[in-house]
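**Q** Structure, please.
(chains A, B and C)
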Amino acid sequence: MPDEMASPLIRGRGGSRYFEATMSELDAPVIGILGTGDFSRSLARRLVASGYQVMVGSRTPKRSVALFPEEAEVTSQMEAASQADLLFVAVFPEHYSTLVQLKPTLAGKTLVDVSNALQINKDGPSNAQQLADLFPESVVVKGFNTISAWALQMGPRDGSKQVFLCSNSSQAKNAVAQLCQRMGFIPVDMGRLSSSLEIENHPLYLFPSWRIPVLCTLILFTVFYLYNFIHDILQPYIRAGKNNFYKMPIETVNVTLPSVALVMLALVYLPGLLAAFLQMWWGTKYRRFPNWLDRWLTRRKQFGLCSFLCAALHAIYSLSLPMRKSARYKLLNLAFKQVKNMVEDSWVEEEVWRMELYVSVGILALGLLSLLAVTSLPSVSNTVNWREFSFIQSTLGYCALFMATLHTLLFGWDRAFDPAQYHFNLPPTFMLVLILPITVLLGRMVLFAPCMSRRLKQIRRGWEKSRHIRFILPEDNGYSGPEDISNV
Amino acid sequence: MPDEMASPLIRGRGGSRYFEATMSELDAPVIGILGTGDFSRSLARRLVASGYQVMVGSRTPKRSVALFPEEAEVTSQMEAASQADLLFVAVFPEHYSTLVQLKPTLAGKTLVDVSNALQINKDGPSNAQQLADLFPESVVVKGFNTISAWALQMGPRDGSKQVFLCSNSSQAKNAVAQLCQRMGFIPVDMGRLSSSLEIENHPLYLFPSWRIPVLCTLILFTVFYLYNFIHDILQPYIRAGKNNFYKMPIETVNVTLPSVALVMLALVYLPGLLAAFLQMWWGTKYRRFPNWLDRWLTRRKQFGLCSFLCAALHAIYSLSLPMRKSARYKLLNLAFKQVKNMVEDSWVEEEVWRMELYVSVGILALGLLSLLAVTSLPSVSNTVNWREFSFIQSTLGYCALFMATLHTLLFGWDRAFDPAQYHFNLPPTFMLVLILPITVLLGRMVLFAPCMSRRLKQIRRGWEKSRHIRFILPEDNGYSGPEDISNV
Amino acid sequence: MPDEMASPLIRGRGGSRYFEATMSELDAPVIGILGTGDFSRSLARRLVASGYQVMVGSRTPKRSVALFPEEAEVTSQMEAASQADLLFVAVFPEHYSTLVQLKPTLAGKTLVDVSNALQINKDGPSNAQQLADLFPESVVVKGFNTISAWALQMGPRDGSKQVFLCSNSSQAKNAVAQLCQRMGFIPVDMGRLSSSLEIENHPLYLFPSWRIPVLCTLILFTVFYLYNFIHDILQPYIRAGKNNFYKMPIETVNVTLPSVALVMLALVYLPGLLAAFLQMWWGTKYRRFPNWLDRWLTRRKQFGLCSFLCAALHAIYSLSLPMRKSARYKLLNLAFKQVKNMVEDSWVEEEVWRMELYVSVGILALGLLSLLAVTSLPSVSNTVNWREFSFIQSTLGYCALFMATLHTLLFGWDRAFDPAQYHFNLPPTFMLVLILPITVLLGRMVLFAPCMSRRLKQIRRGWEKSRHIRFILPEDNGYSGPEDISNV
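**A** Residues are numbered from 1 along each chain as shown, chains lettered A, B, ... in the order given. Presented below is the predicted three-dimensional model:
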């Protein structure tokens, strides 16, 4: 949200003054680009399309000219450096030193460092800081490194539109931010140049927030798969020589997936519960949670989506069961047996009810989980206010957890008490799996008890046990939504 | 991305002059925060990360200092008030009066009211207006109340990034909007301070636009479920003592869901049709639709998504049918019967064709509905132009309605003429359900008639029956897309 | 979209000076609207809501006043033209000439042309250019034409929020961009007024990037469907008089869909492979790809989504197989035969394993494709960095292609060597379908060979075969992500 008046004051303050003058007077300011690689060419095309005059500084202007759009002027590096006041440095960082000859010409000008690191660099200095050291009289702005030549050329469609910018001069940063916005990107101010290391590392990260949830899913899957393999396949084979190995690709997977889904879903709601109990125990909200709990709280969305993926795969696997040849052969053999034994009606009312109920409840649980998954899409969650977000993620989420637990309980029916299920003395999987979600649901119910919920509300509004004489601090904005989210 | 320097003109106009001066001169302006609650701390962290100097005014600075990031200065309220020109008031509204001592110091400064209401307040005055009354010499900007401490701390990821701002001073509003953008949020100008009531109420609403569509879905579901229960379960039980109660969790639900889905889908297209006929009848588009129609027109997306949810659940329920124990038992008993009766081939060609056709058409209808649902995601609809949006929502939408109707007709086949279907003299559900969509489809076809469509087009371009002498008004921008959307 | 220089300097430069003065001084600048159609009314409502003073110029102010919000002043066209400095021209372009009388009054003012073309206009002049010709002393800005009255009224919810702007005066363009942002839209600078033709044509395009992928899908579907029809239905009918026509709506469709899905998925990865081999062959990346390859590279997302749609429909069709009457009749007849032949156990271990494996692999392939589809949603891809995007689209994508190919291979099992499958000497579909994906996978493996991948990496960093003496050019930003995307 801009301000359309700028004072004559700035005009005298060096740096980008010519830039601004040209902006208002010539209607299309000159932007320089040093380097003629892919990025340079895409950038030139984009700048031209956004209404800028572009001067490309090349070591071999005659050879390079064919690669650039007609509207861009391809010239020597020195010429470009002297004509433009804002220059993009589209040169590999290892060759920055080749630009040193331009030093006096670039003094007082803005250099945009668009380079990337080849591997994560934790210690610094960043490429941008090295550039700043080489050109101490120029102003360096870091940015555009997360944008690819591809995105520049095609327009900002796929991939992120955000351009992270940092610089020690907010003047220069603003000019670049503006440029950025005209090109259709979204500038994000990251502060001073010291942030450039982080900005350069950013595109090298690979789903950092997904690492633990995905790892967790894989470990749970492996453990449960092995357990089910031993329980359902190995044990009957050893005991009775029954060859059930055909179950490995589908049936065992299909018993494992819902187990993982249910445990992961419980893990979404467990940290909030722990946080609430910790606050109750401490009697204050002004104490920091341990680090692992903090990180867990911020990963709940990822845990939830992993759970949803498993649940959705479980649904497809389940639906595919009757179409398999194995199911058909079994049915045919059963039919043969029924005829042989002259059983007119094989209907077992209890078995029918059990299955109708758990299938129906399971479908509803999946429906609720789908709603949760859809509302966690950035563009959807962007349109709901916090109360709505909290309603979906907390109320609907607990409903989904409850339905999924009920689905498992109905699936179990009375088998928990059937010794035939305890092969090798191992309980059936569904029993192990139920421990965590039932604990979470009971914990949530405890917090619903009037004395508990009242106390928690007090704490969340700032009350502290340790200073019960003290009046409630007249602070905070009375906003209860987010705390509900983060803590329950 | 804004401009932090304002012209000398403004510099003489009180208010935020020092703020703007510091902005351009010290490169990191001082922002004050009064209060030390959760919101205050998250805000401080965020401001520091966005490159601002932060001064937190606390009643107990020594005790509070540990809660804030190192870079923020925690000091007395008076000190913060005197140093900063823009201050966030992160204090519970009921304690605003405790700040009165700062009144002279805060004169001419900008106060941002971030408070929330605890319940919907229809009458006012809003918290922000109360603050403005307490500090008549300061400029109050309302905003950030929809942003949670959580979102501030984590960065604007989940939940909305929009910050609704209002103030009687557009100067101050711009400064806050700027701040807002630097912190990564999207400022939305809501006009003068009188809008603050609406802004404060905003986070308290719970899906207002979904209320009627969801209610409608639930009522239809209940009515159809009861009807089906009587028709398919109760009647056979009473007449023939047949125990079909096992059908309640799945089969009855699965007959009810498609009925709801089809009726809801027809309700998406009915209001546009009504609007078109009203315009034809009135002979003008310059008359307001009745209120209920206006509101219905704006809720079509929600109706459509409810319909899609029912259709998707119907698909999953249908696909789960053969995996149930009940289906297996029935099949086994049928096999037994077939063997007993020595029927070599039980194939019924007509039944086979009926089912192959209605299943295939049903799947295609679901596919079309899925496309509609996906394109109603904000981020997808954001990338299509109006002609494309209209093509999807109107053309593809009517195709989906047609396919869904055909699916039901094929499902019905010749059963409408089979007296055995009329238990208790009640027609089978699919017949009731077909009335509305067939009406809508016929209505749409009437509008396709050349004379009708020509007249409608004239009306939509501004022609009026009552003034047929009058030439067509040289107004409007000739844009036909949106009217098509809103009216057909 | 700001302008950091306005300053007293500009104040003397005609145009929007009063506008800017009023902005800062009166707190609510006057915006004029000429015309009283739908667009005009919605615009007025939106401007008022965004805190502007609105003057509507009507030919019949008394009659029109009821249609506008109270806060807007409805007056004569002349009055509006003289009061406001920025005016929206919401009049049908064929009636622009009726405004000529306002010419002297409008001199020096900014006119926003919001009109649309009725059909794609390739030659020009655009409406905006015609307006500029009529009012040579005014500044014309093109924009808002892609925004519908509907979107203006409801707030920018559905449809795109982007407002494409162009003008020969960047001053005026900035003012409009600002207005635009205050109204909640996103201004996109499209350069000079010559772009107005493109902007006017924009809303008339209907999914230009989808045309070829969709056409490709339809052609493949038709070809494969006919092939399968001949192979599976016609041939048995002619040879053995076997009536399999009931298979047409589901079974034949369900053999066709996965064929289309697999070929389309291979077509997603083929162009990147071709590009890589071309670069290897040429020994440089500085040569332009042929046009068809360039366009193909930019359509990969659409190809992928078409493939996903087919795969998802294939999944639903497959899951619906056992619920059909025909499957039931067949099963019953098989049971009858089994009993008649006294076969106690019809289990065929190999058939069971084949199906368990290909179903399981197929589900996993669908799961991977779903992940790809979800991450291609704009709002999701917006939150991932390029390395993540490349990981998903390239690594996961090839995994999905591999799984889908494996699914088909397992489905085929040893049938490729079974002469009974070669009706009419036509090989079964799955064999034809496998050619392309296996080629693509092999091609990718070739590029993984150390010598190949090293050379390709060199080329992508700027190395050229033709100048092997030359040192590597110190250009480009060292960014490897996007090239991976675009080329492999």
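**Q** where does the residue positioned nearest the centre of chain A land on pLDDT?
**A** Geometric centre of chain A, nearest residue: residue A:209, 6.1 Å, by CA atoms, centre = their mean. What the model reports as pLDDT for residue A:209 is 88.
**Q** just the one 10 residues further on next, same as before
**A** At residue A:219 the predicted local distance difference test score is 97.
**Q** which helices and strands does the strand or helix carrying it pack with?
**A** Assigned by DSSP states H and E, residue A:219 falls within helix A:211-228. Other elements packing on helix A:211-228 under the criterion 3 or more CB pairs under 8 Å, 6 or more residues apart in numbering or on different chains; DSSP states H and E are helix A:253-282, helix A:300-320, helix A:429-448. C-beta coordinates here come from the backbone N, C-alpha and C atoms, glycine included.
**Q** right, and the helix or strand after the second one?
**A** Proceeding C-terminally, helix A:300-320 gives way to helix A:325-340 as the next helix or strand, assigned by DSSP H and E.
**Q** So for that following helix, what gets flagged as buried?
**A** For helix A:325-340, the neighbour count (16 or more other CB atoms under 10 Å in any protein chain shown) marks A:325-336, A:338-339 as buried.
**Q** and if you look at stretch A:376-383?
**A** Those would be A:376-382, for stretch A:376-383 by 16+ other CB under 10 Å.
**Q** Stretch A:402-415 too?
**A** A:402-413.
**Q** same check, this time on stretch A:280-298
**A** Within stretch A:280-298, the residues that count as buried by 16+ other CB under 10 Å are A:280, A:283-286, A:289, A:293, A:296-298.
**Q** same question, stretch A:417-435
**A** Under the neighbour-count criterion of 16+ other CB under 10 Å, stretch A:417-435 has A:421, A:423, A:428-430, A:433-434 buried.
**Q** contacting residues around whichever residue of the stretch 301-450 of chain A sits closest to chain C?
**A** Of all residues in the stretch 301-450 of chain A, the one sitting closest to chain C is residue A:379 (3.4 Å; CB to the nearest CB). By CB atoms under 8 Å, 6 or more residues apart in numbering or on different chains, the contact list for residue A:379 reads B:377-380, B:382, C:377-379.
**Q** how near is the residue at the greatest distance from the centre of chain A to residue C:344?
**A** Farthest-out residue of chain A from its mean C-alpha position, per CA atoms, centre = their mean: residue A:342, at 59.7 Å. Distance of residue A:342 to residue C:344, computed by CB to CB, to the nearest Å: 15 Å.
**Q** again, but for residue A:113
**A** Relative to residue C:344, residue A:113 is positioned 78 Å away (CB to CB).
**Q** the more surrounded of these two?
**A** Using other CB atoms under 10 Å in any protein chain shown, the more surrounded residue of residue A:113 and residue C:344 is residue A:113, with 31 against 11.
**Q** Pull the contacting residues for the more buried one.
**A** Contacts of residue A:113 (CB under 8 Å, 6+ apart): A:89, A:127-128, A:131, A:140-143, A:145, A:196.
**Q** Over to it: give its phi and psi.
**A** With angles defined as degrees, to the nearest 10, residue A:113 sits at phi -90, psi 120.
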